[in-house]
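Enquirer: No letters, just coordinates:
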């Protein structure tokens, strides 16, 4: 089944304790992206990647790191989490082609993170 | 000006009515436009994609695109309570940046 898999789905952690949220897709998509969603603020892009070893900042990158060593994986790293990073996180992927249905985003199920 | 703007709602319509959702975008070279539906706490799911001016119909859903006015809309005919959700407009900008609006919350009243 074609899908984007995120783990963990739920996590409660404490300030300063490094954590990684994994994201993996099995559709050979070039484009991968991380979003956070907070009430009233919609989906805000954290980082995105056009392909292996190519990453770029989105609108809210502060406090986050990413890497794209393999095409299928795009982990989100919080080196020193703070309470303002409590949020619902989504990973998504697509082919990178304009004007075609191939660029529809497929989302993971989401990861709800609470930082105490 | 926000890159993709939507009215946050809630938009309330009676069951069986037509719901009309609107979205404007700022990047004139945008080529790809999407409507996603999101239930509370769930991931967004694609409802419609549209790439050229005019209307595109899929079942009870019709997307309308007007590039000259930088406007995209979604019509939901025969609205059902199960359509109650937040609808996200998304645009791929000229630099291949996926940009989402903040969403319009739709409530279909039984």
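Expert: Good, I have the coordinates. Fair warning: this is a prediction, and the values are worked out from it, not measured in the lab.
Enquirer: From now on I want contacts and neighbour counts done on CA atoms only, so please keep to that.
Expert: Will do.
Enquirer: my hunch is that residue A:84 is in a helix, does that hold up?
Expert: Yes. Counting by DSSP: H, G, I helix; E, B strand; the rest coil, residue A:84 is part of a helix.
Enquirer: can you count the residues close to it?
Expert: 11 (other Cα atoms under 10 Å in any protein chain shown).
Enquirer: for it, what are its contacts?
Expert: By Cα atoms under 8 Å, 6 or more residues apart in numbering or on different chains, residue A:84 lies in contact with residue A:115.
Enquirer: now residue A:73
Expert: A:22, A:23, A:24, A:25.
Enquirer: is the helix-or-strand element of chain B with minimal mean pLDDT anywhere near chain A?
Expert: Here the helix or strand of chain B ranked lowest by mean pLDDT, DSSP states H and E is strand B:98-100, holding a mean of 88. Yes. Legend: contact between strand B:98-100 and chain A by Cα under 8 Å from any Cα of the partner chain is shown at B:99, B:100.
Enquirer: in its sheet, what does that strand sit against?
Expert: Strand B:98-100 has the following strand partners under DSSP bridges: strand B:85-92 (antiparallel).
Enquirer: what sits up against the strand it pairs with?
Expert: Strand B:85-92 is contacted by residues B:4, B:6, B:23, B:25, B:30-40, B:44, B:97-107 when judged by Cα under 8 Å, 6+ apart.
Enquirer: Return the distance of it from the chain's centre.
Expert: In terms of Cα atoms, centre = their mean, to the nearest Å, the centre of strand B:85-92 is found 5 Å from the chain centre.
Enquirer: So for it, mean pLDDT?
Expert: Across strand B:85-92, pLDDT averages out at 94.
Enquirer: what's the neighbour count on residue A:17?
Expert: Around residue A:17 there are 12 residues (other Cα under 10 Å).
Enquirer: nearest spatial neighbour of residue A:55, skipping sequence neighbours?
Expert: Residue nearest to residue A:55 in three dimensions, not counting chain neighbours: residue A:49, with 4.2 Å by Cα to Cα, 6 or more residues apart in numbering or on different chains.
Enquirer: So for the one you found, what pLDDT did the model give?
Expert: At residue A:49, pLDDT is 94.
Enquirer: which residues does it form a beta bridge with?
Expert: Applying DSSP bridges, one finds that residue A:49 bridges with residue A:32, residue A:55.
Enquirer: one step back: list only buried entries from the contacts of strand B:85-92.
Expert: The neighbour-count test (16 or more other Cα atoms under 10 Å in any protein chain shown) marks B:4, B:6, B:23, B:25, B:30-38, B:44, B:98-107 as buried among the contacts of strand B:85-92.
Enquirer: Residue of chain A closest to chain B, please.
Expert: The minimum distance from chain A to chain B, using Cα to the nearest Cα, falls at residue A:42 (4.0 Å).
Enquirer: Next up, the contacts around the closest residue to that residue other than its chain neighbours.
Expert: Counting by Cα to Cα, 6+ apart, residue B:102 is the residue found nearest to residue A:42 once chain neighbours are left out, at 4.0 Å. When contacts are counted by Cα under 8 Å, 6+ apart, residue B:102 touches A:40, A:41, A:42, A:43, B:5, B:6, B:8, B:88, B:89.
Enquirer: Quickly note the distance from the fourth one to residue B:75.
Expert: Translated: residue A:43. Going from residue A:43 to residue B:75 by Cα to Cα, to the nearest Å gives 22 Å.
Enquirer: Fine by me, thanks again.
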